[in-house]
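> coords please:
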Amino acid sequence: MNKTTQVRLIFILLSIAICFAGGFFAGKHYRQQESLTLEKAKQEAVQQAKRERWLDVE
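Numbers count the residues shown, from 1 in each chain. Model (predicted):
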């Protein structure tokens, strides 16, 4: 293998590794946002239930 082929191979492998790393961190961020959204929806449902019970009391 000559020098140019080695450089190209290293560049391609490095590019693939960067893509995998980027995908991993993007997926991690997506899952965190999804968890936060789900938690917020649960809290809102609890608040809504409390408001409805409060209105029923009166």
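
> tally of neighbours for G22?
The burial metric for G22, expressed as a neighbour count using other CB atoms under 10 Å, is 10. Just so you know, the C-beta spots here come from the backbone N, C-alpha and C atoms, and that holds for glycine as well.

> Check the spacing between it and V7 real quick.
22 Å (CB to CB, to the nearest Å).

> Helix or strand for A41, just tell me which one.
helix 3-57 (DSSP states H and E).

> what's the average pLDDT for that helix?
Predicted confidence along helix 3-57 averages 91 (mean pLDDT).

> quick check, distance from that helix to the centre of its chain.
Here the centre of mass of C-alpha atoms in helix 3-57, compared against the chain's by CA atoms, centre = their mean, to the nearest Å, lies 1 Å away.

> spatially speaking, which residue is in the middle of the protein?
Centroid check for the chain by CA atoms, centre = their mean gives Y30 as the closest residue, at 1.4 Å.

> got the contact list for Q47?
For Q47, the contact set (CB atoms under 8 Å, 6 or more residues apart in numbering) is empty.

> Please report how far it lies from I16.
Separation of Q47 from I16 (CB to CB) stands at 47 Å.

> Check K40 too.
Using CB to CB, K40 is found at 36 Å from I16.

> Next: I10.
Taking CB to CB as the criterion, I10 is separated from I16 by 11 Å.

> same thing with G22?
Look at G22 and I16: by CB to CB, they are 11 Å apart.

> just T5 next, same as before
Using CB to CB, one gets 17 Å for the distance from T5 to I16.

> go on, H29?
Note on H29: its distance to I16, by CB to CB, is 21 Å.

> And V46, by the same measure?
Summarising the geometry, the distance separating V46 from I16, computed by CB to CB, is 45 Å.
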